[in-house]
Structure formats: structure tokens, C-alpha cells
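>>> no letters, just coordinates:
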């Protein structure tokens, strides 16, 4: 059925803020909305199935969630998950072909069914809408195609990221039925909770008293000396530990409640162990990495991007708290961080091209990161290390690329990434070069291996293309390989430079700290422990021909196979690196700078593990000294 006028206006208002509809004129958008149908689908209801011929409309999620699924050997595999404002089913509809996947509602969902013929008549009149359709849909790429690493990690971390974790921090405050309402109110105020659970002698929940109940009693002027039993709500609705987010939401909606009790077996016949509130659900939903990734992709300016990065920072404690999954958390955080850089590049290029006399085509250059961002090892925001390489045909346009880079540096700074004090940024002409010029610069490091050249080469060797023409990097990598083959002594120089910095551990296994200055009685965990390990691994990985990844943990995986007699050492180094990164993060969450560590301020078990980590770095440096003895 056609939607009524008031609903048409609401649909128009919603679509006006979404690509590609926001590019339409008000009149054209209104015409499209008049022909749009609003439909409600229920949980597990199929919207379309694979091999069905496409409908005459495509779909946009107004509220709820839809899973795009691929069935293999009677097992469904998640291809994409569409939330609010996501479009799906457009490619087969536009091409008048059959659907490639199944679409199923993850929960009750409101969907706009947008007529494809009217859409075709409209979007072709708007160049930016055409660009959007071509870039996002013509190639038929799904969200999984573009963000496979993130999706895989989310699936592994499903229990940690998008599920309520009732055992994490208990907000359970319990009371007996004989207690007074005044006692319950004091407990709620003391513990800053919105309810108390009434339990029997076995700790089983028999009732709940909420802040809403308290407000009702005040309004009715009931006595605070009344018994809790007379005013509690019963029965208590319960869930089991590790219940998924969707189940919790459904239970709350089904029973019109704002709190739900967590018990050992999910029933009121077992002890209560926690309480989950609506706030917990909202927080967990906001922390869903898929939601975060989509917010990044849709961000319209650096203010929105900074808010997202701030949110990621607030979730960094997960890395420290889940030691068993810390590698996956590290990878996930860095995938999100990398996407923030990509989106910042996209926004900056749009901004530059809107006012520039000569526009920049992203296929003519690439923007690359260096250092911890490129290695995917950055947790907290540090300084910017990046550069630009462009095609030979663009050599006369260096000033244009540098103008773009200067805007980009400012935007990254607005996001909280400090400008590099050594000027290793694409706004520096030394780091904004054509492919041939960059090759010449790399060659100069090998021909004149001075300390600064060794530092520059070590930093650059971890480079990764973040935005633009990915193919430009392959020539640089091959050039580096050729240089190493022609200059085998360069490994010795890098190794010699690496072993100069020893971990802060004395012969008697005591921590070596600074004697005076701003960091007296502290040691530099980054410069004296983490960096030497990363540098040593880099030398060994490149020497054994590993250029596939610059990530230190990936390099250690390779080395365990390439040098099997030292496999145990490399596994120890992986554990040591993760532990030092966790410890540095924990300290940075407590202080402004997690780089300088006070040994007395960390628990004894962490001090013991830190000594083992330093010992692993020492053993790795000894291996380098033996392998590259001059």
C-alpha cells in the first residue's frame, strides 16, 4: 500500500541525510518517497532468497537488522549485516538479475522498499549519486569483501564484543524480603544502581525493587519503613550468563522491563550473580565493531571521526582485560583505526577537489603509513608517520599533492594524532615523491648507510598503503628486495644498530631506571624494550624474505617456520610483546604517558612477567649478534 502523507514526510526526512538520496533535490526525493513502501518484517522472516528473481524495488533498513547469508553444505555463512540506513538488494535489482544471497531478519525490522525504476530516473541526474552507486554497488562488493579481516575477528570475538558479559563487573545488589524500603533505597544510593534484587536464603531471586518503584512510593506518600516484600515486583525475569545481546533485548521488550537478573542457570531457581540494565544493552550495542565500522564509513567530517576514535579509546580496556584474546583485539582496534585514516583521506580529497583548480585523482597516487600504524600495532593515538608516492606522469604536481597533504595532516591532528616532530609526514617534500624519486631515496639509504639513513629505512620498511592506488607499492617492495640482495652487509648494519639498545634489566635481573630528570625512577618500556624487539624481528623477517606483512606478530609466525630451531624463542617473543603492549596500555589509561613505567607501581606478577619479556628481547638480540657477527 502507498504510505500516507505524514509518513511520506518522515521517510523523506530520514532519506535526506543518507547517501545517495541526500544529493537529490527536495522535489525529486519527495516523488521517490511517494512511491516507496514501508514494510514490517519479523524475526527470522526471509526477505528474499538466493536465485529468486530480483523484485522491482531494493531495500533500506529503517530500524532493526538484516543478515545477508550464503548457504554452503546446509550451513549459513554471514556475508553482511545491515543495520539502520543500510541499503541491500540493489545490485540485482538494478541489473534485473537474480539474488546471489539470502536476506533474513535478525530481529523485527522496518524496511523501506524503494522502487528501482523511479530511482533510476532520478539518480542519473546527480553526478555524486552516480559516483556513489558505481563505487558502492556496481562492482557487487559486499561489506564482507571489503572488511573480511574485521568480520572474521568479530566472529571469533563474538562472545566478547557483541554479547552481554554479566560476569565482568557485577552490579548485583541484593536484599532480603524482610528489609525495609528505606534500607533498599540506601543500598541503591550507596552502590549507584537502579535496582536491588530480593533474594531468599539460598540467594535465589524472588523479587526486584527498582528506582521506578521508589518514585511511585514517594508519589503515593507510602511509608519508607514498609517491608520490601510488600512493594517488590515478582516474578524476577532471568537470563543465563553469556546471553547474547539480542536475547537480552527481546526479553526486556517482551516483559516491558529495564533490568533483568542474571542467574547461574538462567532461571529464578538458581543463585543471582548479576543484573543487566537497558544502559548495559545500549553500551554493548554502541561498542559493536560492525556498528563502529559503519559509523566510520558514513562519517561526514573530522568531528564525527574524532568522536568515533574517542569511543574506541574508551573500549581499549578490553585489550588489557582479555589476555587470551589480546592479539585479536589488537588487530580489531587497528583495523578500525586504519579505516579512520582512510575515511579522513576520503574527506580530505573531497575537500581539496572542491576548491582546487586541478583536481587530484586517487588512482594517480597512494598515501602510505609507517611505524606502528602500518604495522597495525597502535593502540593509543601517537604521532603521524606517513608519506605520498605518485605516478611519474604527476611529477610536475608535487605542490598540489603537498597542498592536499597539509590539509590531511591538520585533519589527522584534529583527530588526536600528533604531528611528527621529525617531519616524517607527507607534507614534507622528502616524503611526497614520485615512484622513481622514492626509489632513488631508498637507494641512497643503502649507498650511504649513516645513522639517520638506517633510522629512515627501518621506519619505511614497515610502510603500508592506506589510500589510493595500491599497485604503486609493489614496485617499491621489489626495489627494496633487490637492494637487499645486492647489499647483504646492510643486514649487519641494521642488526648492529638494533642490539645497541639493551632492555632495562641488570645482570642481577633488576630494573634499570633513570637516575634523574622528569622520568627519574622509571624505565622507558617503548624505547628500551618494545622497540628493540620489533627492530630485531624486522631484520630477521626481511633477511628470510618475508615481505607479506609488516606486523611483528605475523613476522614472528613466519620466523618460527623459517628458523625452526628458534621457534620457542619466537613464540616467547610474541607473548612478551603482547604483555608489554598490555602493560603500556594499562599505564597510559592511568597516566598521560604509558611509556615511562615505575616498577614499584605495578603488581609483582607483572614485574615477574616483565623480566621474562626483557629476557626474551635479550635472547633475540643475542641471536642477531651471532647471526650477523661482522
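Perfect, thanks for sending it. Bear in mind the structure is a predicted one, so any value in this text is a computation, not a measurement. Numbers count the residues shown, from 1 in each chain.
>>> check which residues of the helix or strand hosting residue 490 are buried.
Taking DSSP states H and E as the criterion, the element that holds residue 490 is helix 489-498. Neighbour-count burial for helix 489-498, counted by 16 or more other CB atoms under 10 Å, picks out 490-498. In short, each C-beta sits where N, CA and C put it, glycine included.
>>> quick check, nearest of those residues to residue 467?
Distance ranking of the buried residues of helix 489-498 against residue 467, using CB to CB, places residue 494 first at 28.7 Å.
>>> sketch out the low-pLDDT regions of the stretch 201-350 of the chain for me.
In the prediction, the stretch 201-350 of the chain carries residues with pLDDT under 70 at positions 244-247, 250, 282-288, 290, 317-325.
>>> what does the stretch 1-150 of the chain give?
1-3, 134-150.
>>> ranges for the helices of it?
5-15, 26-34, 90-95, 116-123, 127-133, 143-156 (DSSP state H, counting those that start in this stretch).
>>> out of those helices, flag the one nearest residue 476.
With CB to CB, the closest approach to residue 476 among these belongs to helix 143-156: 22.7 Å.
>>> check contacts around the residue nearest to residue 498 when sequence neighbours are not counted.
In space, not counting the residues next to it along the chain, residue 498 is nearest to residue 535; the distance is 4.3 Å by CB to CB, 6 or more residues apart in numbering. With contacts defined as CB atoms under 8 Å, 6 or more residues apart in numbering, residue 535 is in contact with 458, 494, 497-498.
>>> can you put those in a markdown table and add distance to residue 559 and pLDDT?
Formatted as a markdown table, those follow (distance: CB to CB, whole Å; pLDDT from 0 to 100):
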| residue | distance to residue 559 | pLDDT |
| --- | --- | --- |
| 458 | 17 | 79 |
| 494 | 15 | 83 |
| 497 | 19 | 82 |
| 498 | 15 | 83 |
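>>> of those residues, closest to residue 525?
Proximity of the contacts of residue 535 to residue 525 (CB to CB) peaks at residue 498, which lies at 17.0 Å.
>>> shouldn't the closest one be in contact with residue 536?
Yes - counting by CB atoms under 8 Å, residue 498 touches residue 536, with 5.1 Å between them.
>>> common neighbours of these two, please.
Taking CB under 8 Å, 6+ apart as the contact rule, the neighbours common to residue 498 and residue 536 are 621, 624.
>>> elements contacting the helix or strand residue 568 falls within?
Element membership for residue 568, per DSSP H and E: helix 567-590. Under the contact criterion of 3 or more CB pairs under 8 Å, 6 or more residues apart in numbering; DSSP states H and E, the helices and strands touching helix 567-590 comprise helix 317-321, helix 326-355, helix 525, helix 531-543, helix 552-562, strand 596-597, helix 604-627.
>>> buried set for it?
Of the residues in helix 567-590, those buried (16+ other CB under 10 Å) are 569-570, 572-588.
>>> quick check, residue 48 in contact with residue 104.
No - counting by CB under 8 Å, residue 48 does not reach residue 104; the two are 9.3 Å apart.
>>> overlap in contacts of the two?
Between them, residue 48 and residue 104 share no contacting residue, judged by CB under 8 Å, 6+ apart.
>>> show me where the stretch 201-350 of the chain has strands.
According to DSSP state E, counting those that start in this stretch, the stretch 201-350 of the chain carries its strands in the segments 205-210, 238-239, 259-263, 272-277.
>>> okay, now the sheet partners of the third one, with direction.
When pairs are called by DSSP bridges, strand 259-263 turns out to pair with strand 238-239 (parallel), strand 272-277 (antiparallel).
>>> in stretch 340-359, which residues are buried?
Residues of stretch 340-359 classed as buried: 340-345, 347-349, 351-352 (neighbour count, 16+ other CB under 10 Å).
>>> for residue 375, which of the helices and strands packed on helix 567-590 is the nearest?
Short answer: helix 552-562, nearest of these by CB to CB, at 6.1 Å.
>>> ok, now how distant is the residue most central in space within the chain from residue 84?
Taking CA atoms, centre = their mean as the criterion, residue 336 is the residue nearest the geometric centre of the chain, at 3.0 Å. In this view, residue 336 and residue 84 are 19 Å apart by CB to CB, to the nearest Å.
>>> repeat that for residue 256.
Using CB to CB, one obtains 23 Å as the distance from residue 256 to residue 84.
>>> so residue 497 makes contact with residue 452?
No - using CB under 8 Å as the test, residue 497 is too far from residue 452 to be in contact (11.1 Å).
>>> I'd guessed residue 185 sits against residue 224; true?
Yes - under the criterion of CB under 8 Å, residue 185 makes contact with residue 224 at 6.9 Å.
>>> these two: who's more crowded?
residue 185 (17 against 14; other CB atoms under 10 Å).
>>> residues contacting that one?
Under the criterion of CB under 8 Å, 6+ apart, the contact list for residue 185 reads 214, 224.
>>> so which strand or helix has it?
Assignment of secondary structure by DSSP H and E places residue 185 within helix 181-191.
>>> same thing with residue 426?
Secondary structure from DSSP H and E places residue 426 outside every helix and strand.
>>> picking up where we left off before, could you check the pLDDT of the residue nearest to residue 498?
Listed pLDDT for residue 535 reads 91.
>>> any idea how far it is from residue 523?
Residue 535 sits at a distance of 18 Å from residue 523 (criterion: CB to CB).
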